[in-house]
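In: sequence first, predicted model second:
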Amino acid sequence: MSLQTYYQEFEPAENLKHIIQCFWYHKRAVGEEQSCFEVIPDGHAEIIFHFGDGLKIYCNEMLNPLPSPFIMGLQDGPVLFYIGNTLEIIGVRCYPWVVFDLLNIPPGKGIHILDHPVKELDPDLAALMLSEEIETAVAKVQQYFLELFSKMSFDNTLSKAGAVIRTAKGSIPVHQVADSSHSTIRTLERKFKKSSGHTVKDMCALIRFEQVRNELMLNPDSNLAGLAYELGYTDQSHLTREFKRYAHMTPAAFARKSKKDK
């Protein structure tokens with residue numbers, strides 16, 4: 001198998017930075033009829049437009065094609081996607097405590113099939129992919145979200161709370177998140193659950209896991225005891241338990257896999 005990949009990120013406009021972390025483009029050419037790749041959880045929800053031979057996922061003991069676009073919500077564990085020979089993606093990496101309100105759809109975990117006007121972008125984006133006008137395609141997606149945002153009103157409490165959690169890399173108690181966002185714990189938890197489908201504590205745990213995952217992907221030889229201390233885990237055993245909860249493997253096994261993949 002000959003695997004060729006390309007990845008690029010695009011910074012969002014200032015008005016969107018509290019909703020969207022980045023736009024991104026990814027291309028994979030695998031050189032065979034079908035292959036698969038694994039997506040490990042992190043603290044974002046992704047809107048995925050995909051082109052080429054498409055994306056499939058196992059459901060009810062058979063491979064099912066996924067429409068474009070769909071939302072990849074917060075995950076409890078790894079998800080395995082199957083692709084054909086080529087795949088191109090334009091992704092919108094969103095903060096999960098605001099994106100579902102922006103699209104006016106119920107929050108939830110895992111894959112969401114979108115019933116929203118945003119899917120009307122797909123034909124134009126597909127044409128731009130064929131002509132390799134990637135930046136124009138990303139700009140078109142961004143313009144759509146700028147117009148959508150201009151028609152919406154948001155509770156700043158969630159954006160403030162989310163920013164505090166990400167700045168602390170998930171290592172922050174719920175009462176401090178509430179204090180920093182000028183809210184009570186009860187009110188914050190209610191709003192967070194309603195907007196993202198998760199509690200503040202769960203979101204902190206997932207974002208803290210994301211920090212460990214990223215570090216081990218970049219530096220597989222990182223000291224786990226040092227990471228546990230740096231990210232506020234009780235000890236290395238605590239880090240290992242939390243990591244297995246989301247990655248379904250130990251951090252040591254994940255590090256070995258990352259080193260092999262490199």
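Out: Good, I have the coordinates. Residues are numbered from 1 along each chain as shown.
In: tell me who's in contact with A255.
Out: With contact set as Cβ atoms under 8 Å, 6 or more residues apart in numbering, A255 has these partners: 216, 220-222. Yep, even glycine has a C-beta here, placed from its N, CA and C like the rest.
In: now do the contacts for S222.
Out: Contacts of S222 by Cβ under 8 Å, 6+ apart are 215-216, 255.
In: go through those residues and name the one nearest N64.
Out: L216 (31.3 Å; Cβ to Cβ).
In: and the closest one, what helix or strand is that in?
Out: Using DSSP states H and E, the element containing L216 is helix 200-218.
In: in that helix, what's buried?
Out: Applying a neighbour-count criterion of 16 or more other Cβ atoms under 10 Å, one finds 200, 203-213, 215-217 buried in helix 200-218.
In: thought D235 was touching L227?
Out: No: D235 is beyond contact range of L227, at 11.2 Å (criterion: Cβ atoms under 8 Å).
In: higher neighbour count, the two?
Out: Just comparing D235 and L227: by other Cβ atoms under 10 Å the higher neighbour count belongs to L227, 19 against 11.
In: any idea how far that one lies from G73?
Out: 26 Å (Cβ to Cβ, to the nearest Å).
In: on that earlier part again, of the contacts of S222, which is the nearest to I83?
Out: Distances from I83 to the contacts of S222, taken by Cβ to Cβ, are shortest for L216, at 24.6 Å.
In: just give me how far stretch 145-156 sits from the chain centre.
Out: In this view, stretch 145-156 has its centroid 20 Å away from the chain centroid, taken as Cα atoms, centre = their mean, to the nearest Å.
In: got the end-to-end distance for it?
Out: Terminal residues of stretch 145-156 lie 18 Å apart, using Cα to Cα, to the nearest Å.
In: wait, F81 touches E46, no?
Out: No: the criterion here is Cβ under 8 Å, and F81 misses it with E46 at 11.9 Å.
In: got any residues that touch both of these two?
Out: By Cβ under 8 Å, 6+ apart, no residue touches both F81 and E46.
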